[in-house]
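Quick one, fold the following:
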Amino acid sequence: MFMISIKINDFEFLVRPNISVLDACKYAGINVPRFCYHETLSVSGNCRMCLVEIENLEKPLASCVAEVEEGMSIWVDTPFVKKARENVVEALLLNHPLDCPICDQAGECDLQDQTKTYGSSYSRFFFEKTSSEDKYCGPLIKTIMTRCITCTRCVRYAAEVAGVEFFGTINRGNGTEIGAYVSKMFESEISGNVIDLCPVGALTSKPYAFKARPWELRLTESVDITDSLGSNIYVNFKETEILRILPKSNNDLNSSIISDKARFSYDANHNNRVNDIFEYSSKKKSFQKISWSKFFKNIDHVVETKKLNFLVDSRCDLATANFLKKIANKYPEKVSLTLLSKTNSKGNLYIRNQTNIMNQIDNVEDLVILLGSNLRLESAVLNARVRFRYKNTLFNVQAMGLNFNENIPTSFVHLNLSKIVNVLEGKSPVLSKLLITSKKPFVIVGENIADRVSNINNFIRRLSAILSTAKFVFLQNSANSEGLDFLNIDSSLNKTSNSVVAINLDDTYTNRKLLNDSKKSVWLNTHGSSLATKFKTIVPTLTSFETEQVYINVEARPQMTQKSFASFFDVKSTQDLVVSMFNLNKADLTSNNENSLSHIVEQISNVNLYDSQKEIVSPFKSIVNNLLKNDNISTSVLISTYPVKQKIKDFYCTDTITRNSVIMQECSSEIIKNSTNFYNN
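Sure thing, here's the model as predicted:
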């Protein structure tokens, strides 16, 4: 690559052409203060904090808007530059309130840091300060607009990343304000990220308001389990209470943004938790609290039954599912394990070739097809990545399936899956031609399609054979769908079982219908529900914040949640409960055969042994590929003629955790209140 030579503080550097002076300083390891500039947003150049001195120029120059040139000499810390930055800070503080002691941003405020470095110890301003009216942004974002320095980060983020024209500038000159044109909720699935972008305390977290100071919080790194992407997060907690969740930057996964579900659903860790064991009393016709000793004494008759059926769904972590499967293999005549998911393929060990999805999206050039996928609701961070790429290339987006409200310009075609297949097979004059002429189309297959085909894996195989140049990604909704598909757990309910033990099941209409006639015994879960009351015994378990759990995300990337704190309640882990039920030792179930599926899963579960995704994915992929060579399963697929149905209708309440979050319930109610249909128009 062609490079040019520049000087920064009399040191010579080779940099790429057509980049800004600020970027050149960043690559050289030299920090330049800024307020309005951000790597993921367009350049506005309105704060003037990043001023630098350029040789042969009389005035300082904003480094974020100035491009480097061959032989350019730059100084970033001369007295001339420092004096210019002092004037900028003084101008920003003219109307800024002195309320740092009560500001939630205190201790993490960029303006505080720059004032400490470049600010003066006194103020020359003696006029009355101007103020701005606070704006309403919904139950997530708290605004105190007198602190705003009009850096316009929130305006650019809403328009460019979130795809919602919510914030804007009002008035001119010294009277310029940031605000919403209409007083309503910021209706975006990733709206909470403006809190991190705001360099001052104008936009802060409403649920976190006045809870704690940053230096009082402890921090652990963890993984978001509200969708299949598994965004990396920081968990900030105090004693046994989670106070906030922040994004952990990972350019290969979620960059520096997370969804609102990942950021604000943490209050469910305490709300509506099952904190004691309850057993239904036929005499009193109500649930009575019992002790652990009595529970283990009563559970013997459940374990001693002729047929015991463990039920899990796609939210079960990998280690627990593997542990249950080993018990089912140890006692095949007595114990069975069922995965309540239609996406699983019975008798077919399957691994999808869909690693590094985010990096592949960055290389999309001409066409993206959403096949039965509402990307905005199913994976908000992935949708933001597609939108960011769209702004740079303006590729064509075709959505085949049910119409939905998308923030990327999208063309919607067909509702019937059989007609969609005709398009993919080349039987549509217009759309099929678009597919054929595309260099490498990127196809995202939603979990909604799984309900309309007999075998989703074989369906994707058939499509891959038809469109050999296309890249197919099957986007499931749950955190560990890929891991449980790999384990190949039976998806048919055992009707002959005498007892049913449900482990962390979600209370959905489908699960209620399946369990309507079954003999229900034990409900193991973090939260209670109406479905839990149908079981004889309700037993509490640990959440992902209270124990280590392994999940394989949509990219086949194994990740582990970290234990932030010990549970406040008297709760045990699922594995410990099952071991106690069968009076087993975990060591007895450990596989010594390095080529066995059980051993491979155990290695995946210990993600700390590996340094990168490639080192952990490649070994078990090669073993699975060898097993697939002997796979003689027919690739025939039955396709339903019914329209594709949308599974996720409410973004904020999709699983047990989010439905028990008061914050998420408030957001859901706000969306419903603001929504309109043809009766209201």
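
ok, which stretches of the stretch 301-450 of the chain are strands?
308-312, 335-339, 367-371, 396-400, 411-413, 442-446 (DSSP state E, counting those that start in this stretch).

With the stretch 501-650 of the chain instead?
Assigned by DSSP E, counting those that start in this stretch, the strands in the stretch 501-650 of the chain fall at 520-525, 537-540, 550-552, 558-560.

Where does the prediction get shaky in this protein?
Counting by pLDDT under 70, the chain shows low-confidence ranges at 1, 342-353, 518, 584-635, 675-681.

Show me it divided up by domain.
As recorded under automatic domain parsing, the domains making up the chain are 4-91, 93-206, 277-349+483-628, 368-476+638-648.

what's the closest of those to Trp215?
The minimum distance between Trp215 and the domains of the chain falls on domain 93-206, with 6.1 Å, by CB to CB. Quick note: C-beta positions are derived from backbone N, CA and C, even for glycine.

Nearest residue to the middle of the protein?
With distances taken as CA atoms, centre = their mean, Ser231 lies nearest the centre of the chain, 4.4 Å away.

Return the residues in contact with that residue.
223-224, 247, 250, 253-254, 258-259, 262, 381 (CB atoms under 8 Å, 6 or more residues apart in numbering).

Now the buried members of the residues you listed.
223-224, 247, 253-254, 258-259, 262, 381 (16 or more other CB atoms under 10 Å).

From the residues you listed, pick the one nearest Glu58.
Pro247 (42.2 Å).

Skipping adjacent residues, who's closest to that closest one in space?
Closest residue in space to Pro247, ignoring its immediate chain neighbours: Ile258 at 4.3 Å, by CB to CB, 6 or more residues apart in numbering.

quick one: the one you found and Ser249 touch, right?
No. Between Ile258 and Ser249 there is no contact under CB atoms under 8 Å: 10.5 Å.

one step back: check contacts around the residue nearest to Pro247.
So Ile258 contacts 190, 192-193, 224, 231, 233, 245, 247, 381 (CB under 8 Å, 6+ apart).

do that again at 10 Å, thanks
Residues in contact with Ile258 (CB atoms under 10 Å, 6 or more residues apart in numbering) are 190, 192-193, 196, 224, 226, 229, 231-234, 245-248, 264, 380-381.

Return the subset of these lying in strands.
232-234, 245-247 (DSSP state E).

any chance of the residues you listed in JSON lines, with distance to Ile178 too?
Listed next are the ones in strands among the contacts of Ile258 as JSON lines, based on distance: CB to CB, whole Å:
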{"residue": "Asn232", "distance to Ile178": "30"}
{"residue": "Ile233", "distance to Ile178": "27"}
{"residue": "Tyr234", "distance to Ile178": "27"}
{"residue": "Ile245", "distance to Ile178": "25"}
{"residue": "Leu246", "distance to Ile178": "23"}
{"residue": "Pro247", "distance to Ile178": "22"}
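
Pick the one among the residues you listed closest to Phe287.
Ile245 (32.6 Å).

What is the neighbour count of the closest one?
24 (other CB atoms under 10 Å).

What distance do you get for it to Ile225?
For Ile245, the distance to Ile225 (CB to CB, to the nearest Å) stands at 12 Å.

where do the contact lists of these two overlap?
Joint contacts of Ile245 and Ile225 (CB under 10 Å, 6+ apart) are 231, 233, 262, 265, 545.

Now distance to Leu524 too, for these, in JSON lines please.
JSON lines is the format used below for the shared contacts of Ile245 and Ile225 (distance: CB to CB, whole Å):
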{"residue": "Ser231", "distance to Leu524": "27"}
{"residue": "Ile233", "distance to Leu524": "25"}
{"residue": "Ala262", "distance to Leu524": "24"}
{"residue": "Ser265", "distance to Leu524": "21"}
{"residue": "Phe545", "distance to Leu524": "17"}
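
Grab the nearest non-local neighbour of Asn403.
Asn403's closest residue in space is Phe412 (CB to CB, 6+ apart), at 4.8 Å.

Sorry, slip of the keys, the one I care about is Ala24.
Ala24's closest residue in space is Val15 (CB to CB, 6+ apart), at 4.6 Å.

For that neighbour, give me its contacts.
Residues in contact with Val15, defined by CB under 10 Å, 6+ apart, are 3-6, 8, 21, 23-25, 27-28, 68, 72.

any idea how far Asn232 is from the closest residue to the residue nearest to the centre of the chain other than its chain neighbours?
Excluding the flanking residues, the one nearest Ser231 by CB to CB, 6+ apart is Asn254, at 3.8 Å. According to CB to CB, Asn254 stands 6 Å off from Asn232.

Quickly list what's touching both of those two.
Shared contacts of Asn254 and Asn232, counting by CB under 10 Å, 6+ apart, come down to 224, 247-248, 262.

Save those as JSON lines, and put in distance to Phe472 too.
Putting those into JSON lines (distance: CB to CB, whole Å) gives the following:
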{"residue": "Asp224", "distance to Phe472": "24"}
{"residue": "Pro247", "distance to Phe472": "28"}
{"residue": "Lys248", "distance to Phe472": "29"}
{"residue": "Ala262", "distance to Phe472": "26"}
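
Out of the residues you listed, the closest to Ser499 would be?
Closest to Ser499, out of all of the shared contacts of Asn254 and Asn232 and judged by CB to CB, is Asp224, at 34.0 Å.

So that closest one versus Phe545, what's the distance?
Distance from Asp224 to Phe545, by CB to CB: 11 Å.

Need the overlap of contacts for the two.
Contacts common to Asp224 and Phe545, judged by CB under 10 Å, 6+ apart, are 245, 561.

quick one, helices of the stretch 51-200 of the chain?
All helices of the stretch 51-200 of the chain, identified by DSSP state H, counting those that start in this stretch, fall at 79-92, 110-118, 153-157, 193-197.

out of those helices, which comes closest to Leu514?
For Leu514, the closest of the helices of the stretch 51-200 of the chain is helix 193-197, at 37.9 Å, according to CB to CB.

I would like the residues contacting the following helix or strand past the closest one, please.
Next in sequence after helix 193-197, counting helices and strands by DSSP states H and E, comes strand 203-205. Residues from elsewhere that reach strand 203-205 (CB under 10 Å, 6+ apart): 103-105, 135, 137, 140-145, 147-148, 153-154, 167, 178, 186, 192, 194-198, 210-211, 243-246, 263-264, 663.

Quick one: buried ones out of the residues you listed?
103-105, 135, 137, 140-145, 147-148, 153-154, 167, 178, 186, 192, 194-198, 243-246, 263-264, 663.

OK, contacts around Val421?
371, 400, 414, 427, 453, 459, 462-463, 466, 637, 639 are the contacts of Val421 under CB under 10 Å, 6+ apart.

a markdown table please, covering these and showing distance to Gln646.
Output for those, formatted as a markdown table (distance: CB to CB, whole Å):
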| residue | distance to Gln646 |
| --- | --- |
| Leu371 | 13 |
| Met400 | 13 |
| His414 | 15 |
| Lys427 | 25 |
| Val453 | 16 |
| Phe459 | 18 |
| Arg462 | 23 |
| Leu463 | 21 |
| Ile466 | 25 |
| Val637 | 21 |
| Ile639 | 18 |
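
Cross those against helices and list the overlap.
Taking DSSP state H as the definition of helices, the contacts of Val421 contribute 459, 462-463, 466.

what's around Phe535, how many residues?
Phe535: 23 neighbours (other CB under 10 Å).

right, and Asn455 touches Asp485 too?
No. Between Asn455 and Asp485 there is no contact under CB atoms under 10 Å: 11.9 Å.

which one of those two has more residues nearby?
Shown here are Asn455 and Asp485; by other CB under 10 Å, Asp485 has more neighbours (26 against 23).

Isn't that one up against Gln476?
Yes. With contact defined as CB under 10 Å, Asp485 reaches Gln476; the gap is 8.3 Å.

circling back: got a winner among the ones in helices among the contacts of Val421 for most neighbours?
Neighbour counts for the ones in helices among the contacts of Val421, by other CB under 10 Å, peak at Phe459, which reaches 23 neighbours.

Done for today, thanks.
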